[in-house]
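Novice: after the sequence you'll find the predicted model.
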Amino acid sequence: MEHKSVKRRGTRIPCTLPITITGVEPGHWYAEPCLVILVSPYGCAARFNRPVEVGSTVLLGGLPVGSEVAAEVVNCISIEDYEHLWLLGLELDEPGNVWGIQSPPDDWEL
């Protein structure tokens with residue numbers, strides 16, 4: 001069996017960006033703060049205070065671009081049982097520098 005490596009798209013940049021995640025799935029509405037800790041033009045990693053179902057759609061608000069953007073939850077991992085924190089992997093519906101990164105790496109050009 002041949003193993004294919006998955007190439008990541010866009011350099012990941014560590015950051016500390018407080019935003020709001022809004023759940024928009026029917027029957028699962030919420031709007032709560034979270035902390036983005038790693039960004040790329042295709043998505044981010046964020047610490048959140050609750051688990052979120054993989055495959056669900058969320059809106060990211062409070063971004064430097066000044067508007068909400070939609071993302072899909074692609075990963076949800078418990079990182080601290082005592083603190084009840086989860087690491088969310090979020091893939092943007094439309095890639096871009098929604099994070100306000102000044103002078104992004106060349107591989108952020110879409």
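Specialist: Perfect, thanks for sending it. Numbers count the residues shown, from 1 in each chain.

Novice: hey, let's count contacts and neighbours off CA atoms from now on
Specialist: Will do.

Novice: same for the lowest-mean-pLDDT helix or strand in the chain, what does it pack against?
Specialist: The weakest-scoring helix or strand in the chain, judged by mean pLDDT, DSSP states H and E, is strand 69-80 (a mean of 93). Under the contact criterion of 3 or more CA pairs under 8 Å, 6 or more residues apart in numbering; DSSP states H and E, strand 69-80 touches strand 57-61, strand 85-92.

Novice: remind me which residues of the chain are low pLDDT?
Specialist: For the chain, the stretches flagged by pLDDT under 70 are 1-8, 81-83.

Novice: try it again with 80
Specialist: Applying pLDDT under 80 to the chain picks out residues 1-9, 80-83, 110.

Novice: picking that back up, if we look at the least confident helix or strand of the chain, which residues are touching it?
Specialist: With contact meaning CA atoms under 8 Å, 6 or more residues apart in numbering, strand 69-80 is reached by 43, 51-61, 84-94.

Novice: now it against strand 85-92, angle please.
Specialist: 160 degrees (axes from the mean of the first three to the mean of the last three CA atoms, to 10 degrees).

Novice: nearest to Pro33, of the helices and strands packed on strand 69-80?
Specialist: Among the helices and strands packed on strand 69-80, the nearest to Pro33 by CA to CA is strand 57-61 (9.2 Å).

Novice: starting at the chain centroid, how far to the closest one?
Specialist: Centroid separation for strand 57-61 versus its chain: 9 Å, with CA atoms, centre = their mean, to the nearest Å.

Novice: can you check stretch 71-79 too?
Specialist: Worked out by CA atoms, centre = their mean, stretch 71-79 lies 8 Å from the chain centre.

Novice: got the buried residues for it?
Specialist: Residues of stretch 71-79 classed as buried: Ala71, Glu72, Val73, Val74, Asn75, Cys76, Ser78 (neighbour count, 16 or more other CA atoms under 10 Å).

Novice: wasn't Ile21 part of a strand?
Specialist: Yes - counting by DSSP: H, G, I helix; E, B strand; the rest coil, Ile21 falls inside a strand.

Novice: ok, it touching Val36?
Specialist: No - Ile21 lies out of contact with Val36 (CA atoms under 8 Å); the separation is 10.3 Å.

Novice: that'll do, ta.
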